[in-house]
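>>> okay, predicted coordinates and the sequence, questions at the end:
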Amino acid sequence: MLSEKEKIELITQISLDLNEAKDIDLLLEKILTNVRRFFNADAGSIYLKTGDKLKFSHAQNDTLQKSLKPGKKLPYVTFSVPINNKSVAGFVASNLKAVNISDVYHINGSVPYTFDSHFDKLSKYWTQSVLTVPMTNQRRDLLGVMQIINAQDDEGNIIPFSASDESLIMHFATSAALAVERAQMTRNIILRMISMAELRDPKETGSHVNRVGAYSVEIYEQWARKKAIPRKEVERTRDSLRMAAMLHDVGKVAISDLILKKPAPLTEEEREIMKSHTYLGARLFKDMQSDFEEAAAAVALNHHEKWDGTGYPGHIDPFSVEDLPAFTGSHRHPRPKKEKEIPLFGRIVAVADVYDALSSRRSYKERWDEDRILEEMQHLSGTHFDPEMIDAFLSGLDVFKSIAQLYPDEEKG
């Protein structure tokens, strides 16, 4: 267990993480990682309030993680729990009070909630002690529920959470809720920007961009692990990448509906106009004031570049009007950009975007089957894609499947 000095250092780190992390998914991961470490909890989960339900949004489990090969992750699981007194999480959300259970298989019969052992049976995990608390903002509005599982002593034995743990975790939950509220606002702003693009291009949906963002982070993490990139650098980088990747096609807001929604093949001139969404998207972030804005500009500009130099738009300065064909009427072709000349984020998002396009159903095509997708992605390694990014993509393929389930396409009526 942590010493007092280590606890103080971890509290400081938690505060830094809450202030620095901007992407909601990555924020939840950091919150849960640090809170579990503070209380020496083997597992935990966070539910976020969505309408009148709690959505199971993030989970961690050290025991199950240790059974996996290095670099592999537990699959994402998504389900919803009604906000009522029947489940532990639902009861905590309904009553805005903590629940501390020493053994979930021996819950006092006088309480209205029960423990659902379905996950334990499925995973062969044994849940015992559980501490569940509400996450509320300063107005006491419910944002979600935090749950930590199986407190451990110094020998690794499962023990109950103490009464003092209850007041401490409530402090963390309140601070976390404020950070979650900020991160949700950031995500919503990004999704509103994307919804403008969706009005022009029906392919540009919230589900699509969330998948591309999550795929991009997974590719980056797999690549960074093989390159032995320091963990702190990975943490800092992936937060900006996650949000930037979601905005890869935001420049399509500047493209005419006559081109975006044209039912017939585009003319050569129309294709050139379509290509301009790369540098027009980058121009939205002209006055950069953060790592995120720098990343977003790089992704928007470079996600259609190809490893062999046959992509677009090539070597141009998106912030110089004189350098942009769309503003000058020029039909010149800039010098091609290839291999490591293409920024890392552009090479990553190129893989994530194409994979999602191939694995998703569209009005003009059916979803490709997995074998065909993998064959095509590997075939394009070294021409369209950076071979290192394809290796990273293949290493994280099992996580990609879980991400697709987490962000399914919405049925449109």
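Great, that's in hand. Residues are numbered from 1 along each chain as shown.
>>> read off the pLDDT value for Phe385.
Per-residue pLDDT puts Phe385 at 98.
>>> that one: what's it in contact with?
Lys306, Trp307, Arg347, Ala350, Val351, Val354, Met377 (C-beta atoms under 8 Å, 6 or more residues apart in numbering). Just so you know, the C-beta spots here come from the backbone N, C-alpha and C atoms, and that holds for glycine as well.
>>> just among the residues you listed, which is most surrounded?
Highest neighbour count within the contacts of Phe385, by other C-beta atoms under 10 Å: Ala350, with 27 neighbours.
>>> I'd say it and His384 touch.
Yes: in this structure, Ala350 is within contact of His384 by C-beta atoms under 8 Å, at 7.3 Å.
>>> give me the common contacts of the two.
Joint contacts of Ala350 and His384 (C-beta under 8 Å, 6+ apart) are Lys306, Gly311.
>>> and the next helix or strand past the helix or strand harbouring Ser207?
Applying DSSP states H and E as the criterion places Ser207 in helix 206-226. Following helix 206-226 in sequence order, the next helix or strand is helix 231-246 (DSSP H and E).
>>> now do that following helix: which elements does it pack against?
Secondary-structure packing of helix 231-246 (3 or more C-beta pairs under 8 Å, 6 or more residues apart in numbering; DSSP states H and E): helix 24-39, helix 163-200, helix 206-226, helix 291-302, helix 344-358.
>>> among these, which is nearest Phe115?
Within the helices and strands packed on helix 231-246, the stretch nearest Phe115 is helix 163-200; the backing value is 18.3 Å (C-beta to C-beta).
>>> got the buried residues for that closest one?
Neighbour-count burial for helix 163-200, counted by 16 or more other C-beta atoms under 10 Å, picks out 165, 168-170, 172-183, 186-187, 190, 193-194, 197-198, 200.
>>> returning to what we had before: the helix holding Ser207 vs helix 24-39, what angle?
Interaxial angle, helix 206-226 versus helix 24-39 (axes from the mean of the first three to the mean of the last three C-alpha atoms, to 10 degrees): 50 degrees.
>>> buried ones in helix 206-226?
In helix 206-226, counting by 16+ other C-beta under 10 Å, buried: 206, 208-225.
>>> again, but for stretch 98-117
Ala98, Val99, Asn100, Ile101, Val104, Ile107, Tyr113, Phe115.
>>> with secondary structure, distance to Tyr407 and pLDDT added, can I get the residues you listed in CSV?
Output for the buried residues of stretch 98-117, formatted as CSV (DSSP: H, G, I helix; E, B strand; the rest coil; distance: C-beta to C-beta, whole Å; pLDDT from 0 to 100):
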residue, secondary structure, distance to Tyr407, pLDDT
Ala98, coil, 31, 95
Val99, strand, 30, 97
Asn100, strand, 34, 97
Ile101, strand, 32, 97
Val104, helix, 30, 97
Ile107, coil, 34, 95
Tyr113, coil, 30, 96
Phe115, coil, 29, 95
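>>> lowest-scoring secondary structure element of the protein by mean pLDDT?
Least confident element among the helices and strands of the chain, by mean pLDDT, DSSP states H and E: helix 325-328 (a mean of 58).
>>> now stretch 242-259: average pLDDT?
pLDDT averaged over stretch 242-259 gives 89.
>>> how about stretch 124-132?
The model assigns stretch 124-132 a mean pLDDT of 96.
>>> buried residues, it. List them.
Buried residues in stretch 124-132 (16+ other C-beta under 10 Å): Tyr125, Thr127, Gln128, Ser129, Val130, Leu131, Thr132.
>>> settle this for me: the fourth one is touching Pro160, isn't it.
Yes: if you go by C-beta under 8 Å, Ser129 and Pro160 touch, sitting 4.8 Å apart.
>>> shared neighbours of the two, anything?
Ser102, Asp103, Ala151.
>>> contacts only, for the residue lying closest to Ala177 once chain neighbours are set aside.
In space, and not counting its chain neighbours, Ala177 is closest to Met135: 3.9 Å by C-beta to C-beta, 6 or more residues apart in numbering. Neighbouring residues of Met135 by C-beta under 8 Å, 6+ apart: Ile46, Leu142, Leu143, Gly144, Val145, Met146, Ala173, Thr174, Ala176, Ala177, Val180.
>>> element containing the fifth one?
Looking back up the chat, that one is Val145. Going by DSSP H and E, Val145 is in strand 142-152.
>>> domain boundaries for the chain, per the record?
The chain resolves into domains spanning 4-183, 201-406 when parsed by automatic domain parsing.
>>> how near is Thr12 to Arg37?
13 Å (C-beta to C-beta, to the nearest Å).
>>> apologies, that question was intended for Asp353.
Counting by C-beta to C-beta - Asp353 and Arg37 are separated by 35 Å.
>>> with Leu96 instead?
26 Å.
>>> what's the answer for His379, then?
In terms of C-beta to C-beta, His379 sits 43 Å off from Arg37.
>>> so if I had to pick from the two, which one is more boxed in?
Remark: of His379 and Arg37, Arg37 carries more neighbours, 16 against 12, as counted by other C-beta under 10 Å.
>>> so what's the spatially closest residue to that one that is not a sequence neighbour up against?
Spatial nearest neighbour of Arg37, chain neighbours left out: Leu10 (6.3 Å); criterion: C-beta to C-beta, 6+ apart. By C-beta under 8 Å, 6+ apart, Leu10 lies in contact with Leu2, Asn34, Arg37, Phe38.
>>> likewise for Val351?
Tyr215, Ile219, Met377, Phe385, Asp386, Met389, Ile390, Phe393.
>>> so can I have JSON lines of those residues showing secondary structure and distance to Arg271?
What follows is the contacts of Val351, written out as JSON lines (DSSP: H, G, I helix; E, B strand; the rest coil; distance: C-beta to C-beta, whole Å):
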{"residue": "Tyr215", "secondary structure": "helix", "distance to Arg271": "26"}
{"residue": "Ile219", "secondary structure": "helix", "distance to Arg271": "28"}
{"residue": "Met377", "secondary structure": "helix", "distance to Arg271": "24"}
{"residue": "Phe385", "secondary structure": "strand", "distance to Arg271": "21"}
{"residue": "Asp386", "secondary structure": "coil", "distance to Arg271": "24"}
{"residue": "Met389", "secondary structure": "helix", "distance to Arg271": "25"}
{"residue": "Ile390", "secondary structure": "helix", "distance to Arg271": "26"}
{"residue": "Phe393", "secondary structure": "helix", "distance to Arg271": "27"}
